[in-house]
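[1] Give me the fold of what follows.
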Amino acid sequence: MIKFGAFADVHYAKNFINGNRNCDLSLARLKNIANDFNKRSLNFCVCLGDIINSVRDYDKDSLNIQSVAAEFRNFNMPSHILLGNHDLESMSKSDFYTRFNKEINNSYYSFSCENSKFIMLDANYLKDNSDYCSGNYKWDESYVCKEQLIWLKTQLNTCNETNIVIFTHQNLDHRMNNGEIDACLVKNYKEVTKILENSKKRITVIQGHYHDGYYQVINDITYITIKALCVGDDTSYISRIIVTIDDDLSIEYLE
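    Residues are numbered from 1 along each chain as shown. Alright, predicted model coming up:
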């Protein structure tokens, strides 16, 4: 049996409020999540991006990341961190990961545990396949780069695991918003989902970015969008999920 926790969109920024995001309170919420997860004997946990709410100042963003990184050290299990667009407004991907003492060859990677494979996608690319970096991006124009598409197809076609879980910050499930395709979707999401569907694997996609949260099943793939951690003024509200994989995969939604 595998058991893990996931949460999304911390958006921490000291003394900062942005609409319904009380970014200053996110640190207390993160502390509460660590306390909760530490009681549950989890194999690992995943944060689905937008760790900070960038104030577009390198030094201030760096201090905010340091505060969040200190809280992450309280998790008593391995933690995996995806990048969100806000995380890259003042710095590069490698610069960001260094703050968490994480050295990775790619911002997308995979790992296996028992009968399951976990794939961490990175849609923080522009149409020309260049990285989001130091504010060089548009929040509503994200792509999974061509090299990553090839890598993803290989990962799925060569794995023997029963369960596949895809983690991504930006969204892959088709949905409309005010008559248009939702801006939170990856622009080339059709290319990505075609690879997922053609693999004929049992796949669950867990994502963030869309703060209201969402759930739907499309062509036998389950898409779970976790509500944002940063919303509201009540620090006891900590949106997260607990996923258990045994003979089947079950989701416990917690707030």
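
[2] what's near enough to touch residue 117?
    110, 111, 155, 159, 161, 163, 164, 165 (C-beta atoms under 8 Å, 6 or more residues apart in numbering). Backbone N, C-alpha and C define where each C-beta goes, glycine included.

[3] Out of those residues, the closest to residue 26 would be?
    Of all these, the one with the least separation from residue 26 (C-beta to C-beta) is residue 165, at 24.7 Å.

[4] Quickly find the element holding the closest one.
    Using DSSP states H and E, residue 165 maps to strand 163-168.

[5] Tell me which strands that strand pairs with, and in which orientation.
    strand 116-120 (parallel), strand 202-207 (parallel) (DSSP bridges).

[6] any chance of those strands in CSV, with distance to residue 146 and mean pLDDT too?
    Formatted as CSV, those follow (distance: least, C-beta to C-beta, whole Å; pLDDT from 0 to 100):
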stretch, distance to residue 146, mean pLDDT
strand 116-120, 17, 97
strand 202-207, 20, 97
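
[7] Now tabulate those strands in JSON lines and tack on distance to residue 191.
    Formatted as JSON lines, the strands paired with strand 163-168 follow (distance: least, C-beta to C-beta, whole Å):
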{"stretch": "strand 116-120", "distance to residue 191": "15"}
{"stretch": "strand 202-207", "distance to residue 191": "14"}
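
[8] So for residue 183, which of those sits nearest?
    Using C-beta to C-beta, the nearest of the strands paired with strand 163-168 to residue 183 is strand 202-207, at 14.0 Å.

[9] Can you tell me what sits against the closest one?
    6, 8, 46, 48, 162-173, 196, 221-226, 241, 243, 249.

[10] rewinding a little: got a ChimeraX select line for the buried ones in the contacts of residue 117?
    In ChimeraX syntax, the buried subset of the contacts of residue 117 is picked out as below (16 or more other C-beta atoms under 10 Å):
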select :110,155,159,161,163,164,165
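
[11] of all the contacts of residue 117, which comes closest to residue 13?
    Distances from residue 13 to the contacts of residue 117, taken as C-beta to C-beta, are shortest for residue 165 (29.6 Å).

[12] for the closest one, what are its contacts?
    116, 117, 118, 119, 203, 204, 205, 206, 243, 245, 249.

[13] what sits opposite it in the beta ladder?
    residue 118, residue 204.
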